[in-house]
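> got a sequence here, can you model it:
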Amino acid sequence: MSMRKMGWIGLFFSVSLLGQTLSLQDCLELAYRNNPDLVKSRYAVETAKIGIRQAFSSLSPGVSASASSSTSGPWISEYDPEWGWSMGGGINYTLYRPGLYSSIPLSINRKKLAEYAYLALKDQIRVLVEKYYYQILTSDTLIGVYKANIRLSEEQIRKMQLMVNLGLKRESDLLKSEVQRGSFEAQLVRELENRNSAVRGLNVLMGRDPEHPLELAFMAVDTISVPEWKDALELMRKHNPDLQRVRTQIEIQKFSLRIAQEAYLPSISGNYSYNRSGRTYDGGIMESDQIGIRVSLDIFDGFSRYLNVQREKVGLREAQLDYESTLRELEEALANQYNALETQNRLIQIHKTNLISAQKDLEVVTRQYAEGFSTILDLMDAQVSVLESQTNLLKDLYTRKLIESEIRRLIGKEEKL
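Numbering: from 1, shown residues only. The predicted structure follows:
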């Protein structure tokens with residue numbers, strides 16, 4: 001698909017989504033089409049494809065043609081003008097020169113390198129989009145929780161005011177309730193700013209204005225799907241684009257070394273030419289053709305070829321070391337993510353249990369406070385405990401989804417450009 005057609009599709013897609021509630025897939029599609037860094041990476045792939053065609057075009061023969069006409073003229077001669085003409089053509093074909101054939105697999109591997117770089121960047125953008133998406137959903141839910149607690153506090157304050165007026169409660173209880181409401185309002189303000197920051201980040205990733213209004217569709221986050229550790233490790237070694245990129249770089253260095261070594265070999269070319277000429281004064285025509293083979297070999301170039309070979313050998317060893325280092329780093333990162341996933345699973349179970357207990361405790365304390373057996377501090381502590389349990393559980397659920405997203409990035413997967 002041409003870049004122009006992709007641009008029109010992206011524009012249509014963007015316009016069709018204006019003012020709509022976006023799903024995670026909608027956000028990903030917008031980012032894949034409009035993100036400037038990803039667009040530049042696609043250009044790099046297209047450039048690499050052109051490089052392959054250029055490498056193959058070197059195998060084609062060169063064809064040339066010529067034609068001329070001339071006259072001696074009467075300007076400095078007493079004789080009538082004498083016209084002559086000639087035309088000819090030739091074919092030149094390089095049978096072999098250093099790097100002629102090795103440049104083809106080299107250019108193919110460079111295209112693979114550009115594709116792996118594109119896929120790696122695409123996965124990074126996917127992770128960032130999901131991160132902002134989940135952050136916004138987290139903020140939306142927490143904002144709802146904080147607003148609900150503010151409404152509850154306001155209702156509690158109204159009831160408390162009546163009871164204070166009737167002399168059934170102390171004024172200090174009313175003041176403590178107002179302080180708690182202020183605490184909930186401060187949490188709401190901070191969460192609104194967190195949401196606005198995440199919205200700006202997501203809009204930029206999708207190639208839109210940072211302040212563009214954004215509404216996201218809710219999605220369940222209570223389940224995840226990742227392979228077992230050993231399976232994930234094997235998949236990562238096979239499909240991770242960063243690992244494939246450094247592996248391809250090794251192949252590129254091997255071909256670069258081969259081309260440097262081929263510089264010691266001779267160049268061989270063949271050519272054929274044909275020429276036809278004639279004169280107007282006698283009508284004579286002459287024809288000639290020629291076949292030739294040329295072999296050339298550089299005898300000495302000041303050790304330039306030797307130094308090129310040594311440089312490419314160093315580059316090959318460097319690429320191999322880079323592969324080993326990248327593999328170790330990715331294995332460590334994957335192990336850390338699976339450890340973090342196990343930790344999050346335990347924390348989620350703990351916070352689920354805590355939330356159930358906190359809700360039951362709030363019911364008991366609320367009843368006891370109404371009967372005069374508990375203080376306002378006991379009631380506020382119970383309310384805060386419920387809020388903290390809800391917040392911790394929600395954040396852990398979304399954190400686990402982010403870990404799932406990072407595991408998918410590390411594993412890698414084969415995608416079409």
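
> going by C-alpha atoms from here, please, whenever you check contacts or count neighbours.
Fine.

> how close does Leu95 get to Ile299?
20 Å (C-alpha to C-alpha, to the nearest Å).

> where does pLDDT dip in the protein?
1-19, 71-82, 168, 280-283, 413-417 (pLDDT under 70).

> quick one, strands of it?
Under the criterion DSSP state E, the chain contains strands at 62-71, 83-96, 267-279, 285-296.

> will you turn the ones you listed into TSV that also has mean neighbour count?
Below are the strands of the chain laid out as TSV (neighbours: other C-alpha atoms under 10 Å):
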stretch	mean neighbour count
strand 62-71	12
strand 83-96	16
strand 267-279	16
strand 285-296	11
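
> mind putting these in TSV, distance to Thr326 included?
As requested, the strands of the chain are exported to TSV (distance: least, C-alpha to C-alpha, whole Å):
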stretch	distance to Thr326
strand 62-71	45
strand 83-96	38
strand 267-279	40
strand 285-296	44
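
> and Thr138, which of those strands is closest to it?
Evaluated over the strands of the chain, closeness to Thr138 peaks at strand 83-96, with 64.1 Å, by C-alpha to C-alpha.

> tell me the angle the closest one makes with strand 267-279.
Strand 83-96 runs at 170 degrees relative to strand 267-279, counting by axes from the mean of the first three to the mean of the last three C-alpha atoms, to 10 degrees.

> same for strand 83-96, what does it pack against?
With contacts taken as 3 or more C-alpha pairs under 8 Å, 6 or more residues apart in numbering; DSSP states H and E, strand 83-96 sits against strand 62-71, strand 267-279.

> okay, the ones you listed in a markdown table with distance to Arg346 next?
Formatted as a markdown table, the helices and strands packed on strand 83-96 follow (distance: least, C-alpha to C-alpha, whole Å):
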| stretch | distance to Arg346 |
| --- | --- |
| strand 62-71 | 71 |
| strand 267-279 | 69 |
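
> so which of these is nearest Arg181?
strand 62-71 (84.2 Å).

> that older thread, so which of the helices and strands packed on strand 83-96 gets nearest Glu178?
strand 62-71 (88.8 Å).

> what pairs with Leu22 across the strands?
Leu216 (DSSP bridges).

> please report how far it lies from Thr223.
Leu22 is 21 Å from Thr223, by C-alpha to C-alpha.

> more crowded one of these two?
Regarding Leu22 and Thr223, a neighbour count based on other C-alpha atoms under 10 Å identifies Leu22 as having more, with 17 against 8.

> list the contacts for that one?
By C-alpha atoms under 8 Å, 6 or more residues apart in numbering, the residues touching Leu22 are Leu214, Glu215, Leu216, Ala217.

> just give the nearest non-adjacent residue to the second one, would you?
Translated: Glu215. Thr21 (5.0 Å; C-alpha to C-alpha, 6 or more residues apart in numbering).

> can you tell me the closest non-neighbouring residue to Ser153?
Per C-alpha to C-alpha, 6+ apart, closest to Ser153 is Arg181, 5.6 Å.

> for Glu312, same thing?
Leu257 (5.1 Å).

> ok, residues contacting stretch 199-219?
Under C-alpha under 8 Å, 6+ apart, the answer for stretch 199-219 is 19-24, 27-28, 30-36, 125, 129, 132-133, 136-137.

> switch to 7 Å and redo it
21-23, 27, 30-31, 34-36, 129, 132, 136-137 (C-alpha atoms under 7 Å, 6 or more residues apart in numbering).

> stretch 23-35 too?
Gly10, Ser14, Leu38, Arg126, Val129, Tyr133, Leu205, Met206, Gly207, Leu216, Ala217.

> may I see the buried residues of it?
Neighbour counts over stretch 23-35 (16 or more other C-alpha atoms under 10 Å) mark Leu24, Asp26, Cys27, Leu28, Glu29, Leu30, Ala31, Tyr32, Arg33, Asn34, Asn35 as buried.

> same question for stretch 139-158.
Result for stretch 139-158 [16+ other C-alpha under 10 Å]: buried residues 139-143, 145-147, 149-150, 153-154, 157.

> alpha carbons of it, in PDB - could you do that?
Written as PDB, here are the backbone C-alpha positions of stretch 139-158 (Å, rounded to 0.1, in the frame of the first residue of the first chain):
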ATOM      1  CA  SER A 139      -8.500   8.200  36.900                       C
ATOM      2  CA  ASP A 140     -12.100   8.100  35.700                       C
ATOM      3  CA  THR A 141     -12.900   5.400  38.200                       C
ATOM      4  CA  LEU A 142     -11.100   7.100  41.000                       C
ATOM      5  CA  ILE A 143     -12.700  10.400  40.200                       C
ATOM      6  CA  GLY A 144     -16.100   8.600  40.500                       C
ATOM      7  CA  VAL A 145     -15.000   7.100  43.800                       C
ATOM      8  CA  TYR A 146     -13.800  10.500  45.200                       C
ATOM      9  CA  LYS A 147     -17.000  12.300  44.000                       C
ATOM     10  CA  ALA A 148     -19.100   9.600  45.700                       C
ATOM     11  CA  ASN A 149     -17.200  10.000  48.900                       C
ATOM     12  CA  ILE A 150     -17.600  13.800  48.700                       C
ATOM     13  CA  ARG A 151     -21.400  13.400  48.200                       C
ATOM     14  CA  LEU A 152     -21.400  11.000  51.200                       C
ATOM     15  CA  SER A 153     -19.400  13.500  53.300                       C
ATOM     16  CA  GLU A 154     -21.800  16.300  52.400                       C
ATOM     17  CA  GLU A 155     -24.800  14.200  53.400                       C
ATOM     18  CA  GLN A 156     -23.000  13.300  56.600                       C
ATOM     19  CA  ILE A 157     -22.200  17.000  57.300                       C
ATOM     20  CA  ARG A 158     -25.800  18.000  56.800                       C
END
